[in-house]
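Student: need coordinates for the below:
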Amino acid sequence: PAASYRCSINSPTFCAEQIIHTFHWSKPAVEEQTLDMGHTNNIVWDGLQKILEHPLFKLWDTQLTSATFVKIFFWLLLVLLVDWFLRRFIVQRLLARTRFDASLQYGIGKIAGYIFVTLGFFIALEVNGVNLSSLAVIAGAIGVGVGFGLQNIINNFVSGLIILAERPITIGDRVEVGSVVGQVTKISLRSTTVVTNDNIAIIVPNSDFISHAVTNWSHGDPRVRIRLPIGVAYGTDTEKLQRVLLEVAKEHPKVLREPAPDVFFLGFGDSSLNFELAVWTAEMTFKPRRFRSELYYAMEKKLRENKVEVPFPQRDLHLRSGNFVMQPPPQKPD
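Tutor: Alright, predicted model coming up:
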């Protein structure tokens, strides 16, 4: 411990001598404390090194320690970080300069990232002394387990690769698979995210897009033809009806002028003449229900203005036996 001393303002020489004496007296103590700390650090480091180098188990001719797993973990973390940077570079720098559409750029970036991560995983094992040839038996056992227990996951995984390679559906497509109808927003290896018009995200397994019939409204060409059935009363001027329906189609801004809209006479119904208005549009990808609703509103308004009657089902009643007496309703007393 440092010696205590008091200095007087009237004796600066004595005060300086006291400070020098104290410094020389406490220097060996400081050096001793420094040596003790260094010795403690060496003990901690040696203990940590023994823990990391302690053998856990032996995999054939490869001795695995705690340090091996720590190194593999940091290698995999480095691989994932490099994959993230490379994928952003490939998609945003290289592929953005090409004429590939956004969905194809997304697929190429995904597949390149998966390949890089797989190679990085094997390289990380080799660098840290894990002999991959010794894992052949384990891989075979895992393959048997995968075949039985993880069959659906592997099926979805392979289906995801097929979707990214063949591109039957892409980002932004409007699809119908089973009871799910919406726009594709994300394609991963296991599943695909479809967002409905109500902004509800539905996660669909990739195998459903491969093993089931899928309706893709925007595959290749976003233009589709929408058919709107309508029935009118018997005795309606059919040429007038055709002109009215074509006016409805031409006045709507989202109906394509080419190919031109058309009106089809489907046949004679029980209580109506059945027609169909067929129009071409690109709105099916975005707001199909709103587009149909707008056309039906316009059709009803035009038919009402031109006094075209839309019938309701009518039935004739025939009495084959008995008597049917018509009586007026009873009058209410005043």
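Student: can we go C-alpha only for contacts and neighbour counts from here?
Tutor: Fine.
Student: low-confidence regions, this structure specifically.
Tutor: Counting by pLDDT under 70, the chain contains low-confidence residues at 1-63, 91-92, 100-104, 131-150, 285, 314, 319, 321-326, 332-334.
Student: the residue nearest to residue 68 when sequence neighbours are not counted: how many residues sit nearby?
Tutor: Nearest-residue entry for residue 68: residue 128, 6.3 Å, with adjacent residues in sequence omitted and distances by Cα to Cα, 6 or more residues apart in numbering. Neighbour count of residue 128, defined by other Cα atoms under 10 Å: 16.
Student: and residue 128, what is it in contact with?
Tutor: The neighbours of residue 128, taking Cα atoms under 8 Å, 6 or more residues apart in numbering as the test, are 68, 71-72.
Student: equivalent analysis for residue 305, please.
Tutor: In this structure, residue 305 makes contact with no residue, judged by Cα under 8 Å, 6+ apart.
Student: start at 43, not 1
Tutor: New numbering, starting at 43: the last item is residue 347.
Student: quick revisit: of the contacts of residue 170, buried ones?
Tutor: In the contacts of residue 170, burial by neighbour count holds for 110, 114, counting by 16 or more other Cα atoms under 10 Å.
Student: from the contacts of residue 170, which land in helices?
Tutor: Cross-referencing the contacts of residue 170 against helices under DSSP state H gives 110, 113-114.
Student: and those residues as a markdown table, adding distance to residue 332?
Tutor: Converted to a markdown table, those look like this (distance: Cα to Cα, whole Å):
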| residue | distance to residue 332 |
| --- | --- |
| 110 | 60 |
| 113 | 57 |
| 114 | 55 |
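Student: backbone phi and psi for residue 261, please?
Tutor: phi -80, psi 120 (degrees, to the nearest 10).
Student: that one against residue 211, yeah?
Tutor: Yes: applying Cα atoms under 8 Å as the test, residue 261 and residue 211 come out as touching, 7.1 Å apart.
Student: which of the two has more neighbours?
Tutor: The residue with more neighbours, out of residue 261 and residue 211, is residue 211; 23 against 17, by other Cα under 10 Å.
Student: show me which residues of the host helix or strand of residue 267 are buried.
Tutor: Using DSSP states H and E, residue 267 sits within strand 266-274. Counting neighbours by 16+ other Cα under 10 Å, one finds that the buried residues in strand 266-274 are 266-269, 272-274.
Student: quick one: those residues as JSON lines, columns for distance to residue 305 too.
Tutor: JSON lines is the format used below for these (distance: Cα to Cα, whole Å):
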{"residue": "266", "distance to residue 305": "16"}
{"residue": "267", "distance to residue 305": "12"}
{"residue": "268", "distance to residue 305": "12"}
{"residue": "269", "distance to residue 305": "9"}
{"residue": "272", "distance to residue 305": "10"}
{"residue": "273", "distance to residue 305": "12"}
{"residue": "274", "distance to residue 305": "13"}
